[in-house]
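# generate coordinates for the sequence data below:
(one chain, ligands or ions: 2)
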Amino acid sequence: MKDSFGREINYLRVSLTDRCNLRCVYCMPENGIHNKLPHEAILTLEEMYEVIKSFVNLGITKIRFTGGEPLVRLGVVDLIEKVKKLDGIKEITMTTNGILLEDFIEPLKKAGLDRVNISLDTLDADKYREITRGGDIDKVKRAIKKAIEYDLNPVKINTVLIGGFNDDEIEDFVNLTLHYPIDVRFIELMPIGEAKNFAKSKFLPNSTVLSKVGSLEKIESEDIHSPAQYYKLPDSIGKVGLINPISCKFCKDCNRVRLTSTGKLKMCLHSDREIDLSSYLKNGADLEEAIKLAILSKEKEHELEKDIAIKKNMNEIGG
Ligand code: SAM
Ligand code: SF4
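Ligands and ions are numbered 1, 2, ... in the order given. Next comes the predicted model:
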């Protein structure tokens with residue numbers, strides 16, 4: 001499936017829920033979501049499956065489940081098992097905060113999950129509790145170890161770089177790649193959600209990582225569509241990725257679209273424009289036509305540097 005700029009769109013990110021068991025300070029308000037979606041507004045998992053099936057018929061080969069926190073959605077393992085059986089699916093991945101992951105790893109692996117990205121912004125238990133407003137880092141550390149054991153590799157650690165909070169831990173995160181077969185990926189904080197109101201000093205360019213760790217060597221990425229530029233320490237077993245949505249555009253190689261838990265299709269993470277697919281669900285043929293038209297309207301590139309803040313929070317979009 002090609003968009004109107006000739007880009008092959010083969011990657012769908014699916015947000016299973018806007019709910020979450022954490023309240024990261026840059027993502028969600030302290031008391032949870034302002035406008036909690038009514039139960040009826042959320043697609044059932046059967047509806048979700050129907051939408052995903054249409055995308056796969058049209059050429060989507062890779063699906064990432066995200067949220068909110070995808071593991072708080074009941075039935076997620078069954079959904080993955082069904083999606084994995086669709087003809088054309090090459091890879092199923094998940095982005096999770098890791099809090100519930102340890103007990104899910106075995107069933108997820110059996111259901112067909114290929115890889116997992118785990119979000120972790122600090123290695124310190126107290127700072128973790130502060131940034132997530134109450135999370136227990138030990139659960140996440142145990143989940144990371146188990147994910148490696150169960151070969152959900154490479155396990156990717158997503159670390160949002162926040163000035164004055166974790167820039168003093170950059171070396172510690174990078175050094176993890178000396179001992180574990182993981183990819184540590186630093187993500188620039190985006191002015192989305194709660195972070196819209198953050199002081200300028202909290203937004204650091206990812207080049208900070210390179211100036212702090214001079215021994216990182218650039219390596220070629222195996223996937224040209226990956227938003228990350230990859231580096232390596234000499235003798236490390238893992239890699240370091242830099243995801244720079246603000247300081248470096250990767251729109252020309254963008255191969256992805258996003259489905260929200262209410263059935264809205266977002267062609268670009270940094271745009272408020274979305275197309276409601278939920279109304280097409282009753283008729284499979286129409287749904288595929290609607291998807292094709294939506295893909296043709298995908299934005300050429302984002303305009304983040306113009307300081308236009310999008311309205312939805314990350315927990316609604318899925319990152
Ligand atoms: N709850 C899951 C998790 O935290 O991994 C999945 C959803 S979360 C919205 C997906 C990713 O978006 C996380 O890695 C999170 O750190 C990141 N994120 C949330 N708000 C962000 C922001 N304002 N800037 C950059 N990344 C953000
Ligand atoms: Fe929840 Fe993920 Fe947002 Fe943190 S970043 S509040 S874990 S959705």
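# and for the residue lying closest to K264 once chain neighbours are set aside, the neighbour number?
Counting by CB to CB, 6 or more residues apart in numbering, K264 lies nearest to E274, which is 4.1 Å off, once chain neighbours are set aside. C-beta here means a position set from N, CA and C on the backbone, and glycine is covered the same way. Counted by other CB atoms under 10 Å, the residues lying close to E274 total 19.
# correct me, but E274 touches G263?
No: E274 is not in contact with G263 according to CB atoms under 8 Å; the separation is 9.6 Å.
# which residues of this structure score low on pLDDT?
Scanning the chain for pLDDT under 70 picks out 33-36, 246-249, 282-285, 303-311.
# what does the stretch 151-300 of the chain put close to ligand 1?
158, 160, 187, 189-190, 192-193, 195 (CB under 6 Å from any ligand atom).
# distance between the ends of stretch 86-100?
End-to-end distance for stretch 86-100, by CA to CA, to the nearest Å: 27 Å.
# hmm, I typed the wrong one, I wanted stretch 116-132.
Terminal residues of stretch 116-132 lie 20 Å apart, using CA to CA.
# and if you look at stretch 276-288?
13 Å.
# try stretch 181-196
Where stretch 181-196 starts and where it finishes are 34 Å apart, if you go by CA to CA.
# burial of the nearest residue to Y280 once chain neighbours are set aside, as a residue count?
Counting by CB to CB, 6+ apart, Y280 lies nearest to L287, which is 4.1 Å off, once chain neighbours are set aside. A total of 22 residues lie near L287 under the criterion other CB under 10 Å.
# and L287, what does it touch?
Contact analysis of L287 by CB atoms under 8 Å, 6 or more residues apart in numbering lists 50-51, 54, 277, 280-281.
# among those, which one lies nearest to K90?
Using CB to CB, S54 comes nearest to K90 of the contacts of L287, at 17.2 Å.
# quick check: buried residues in the host helix or strand of the closest one?
For S54, the enclosing helix or strand under DSSP states H and E is helix 45-57. For helix 45-57, the neighbour count (16 or more other CB atoms under 10 Å) marks 45, 48-57 as buried.
# equivalent analysis for stretch 211-227, please.
Buried residues in stretch 211-227 (16+ other CB under 10 Å): 213, 216, 227.
# burial measure for the closest residue to ligand 1 within the stretch 1-150 of the chain, as a count.
Taking CB to the nearest ligand atom as the measure, the point where the stretch 1-150 of the chain comes nearest ligand 1 is S119, at 3.5 Å. Using other CB under 10 Å, S119 is surrounded by 23 other residues.
# including secondary structure, could the buried residues of stretch 211-227 go into CSV?
Below are the buried residues of stretch 211-227 laid out as CSV (DSSP: H, G, I helix; E, B strand; the rest coil):
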residue, secondary structure
V213, coil
L216, coil
P227, coil
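# nearest to ligand 1 among these?
Nearest to ligand 1 among the buried residues of stretch 211-227: P227, at 11.6 Å, using CB to the nearest ligand atom.
# G135 versus the closest one, what's the distance?
With distances taken as CB to CB, to the nearest Å, P227 is found 25 Å from G135.
# give me the neighbour count for L86.
Neighbour count of L86, defined by other CB under 10 Å: 17.
# quick one, what contacts the closest residue to it other than its chain neighbours?
Take L86 and drop its neighbours on the chain: the residue closest to it by CB to CB, 6+ apart is V56, 4.7 Å away. Counting by CB under 8 Å, 6+ apart, V56 touches 83, 86-89.
# picking up where we left off before, how near is the residue nearest to Y280 to ligand 2?
For L287, the distance to ligand 2 equals 27 Å [CB to the nearest ligand atom, to the nearest Å].
# which phi and psi does that residue have?
phi -60, psi -50 (degrees, to the nearest 10).
# picking up where we left off before, what does the residue of the stretch 1-150 of the chain closest to ligand 1 show for phi and psi?
Dihedral angles (degrees, to the nearest 10) for S119: phi -90, psi 130.
# I'd say it and N97 touch.
Yes: in this structure, S119 is within contact of N97 by CB under 8 Å, at 5.2 Å.
# contact partners for the residue of the stretch 1-150 of the chain closest to ligand 1?
Per CB under 8 Å, 6+ apart, neighbours of S119: 95-98, 157-160.
# between the two ends of stretch 117-137, how far is it?
16 Å.
# quick one: it to chain centroid distance?
In terms of CA atoms, centre = their mean, to the nearest Å, the centre of stretch 117-137 is found 17 Å from the chain centre.
# and stretch 186-200, by the same measure?
16 Å.
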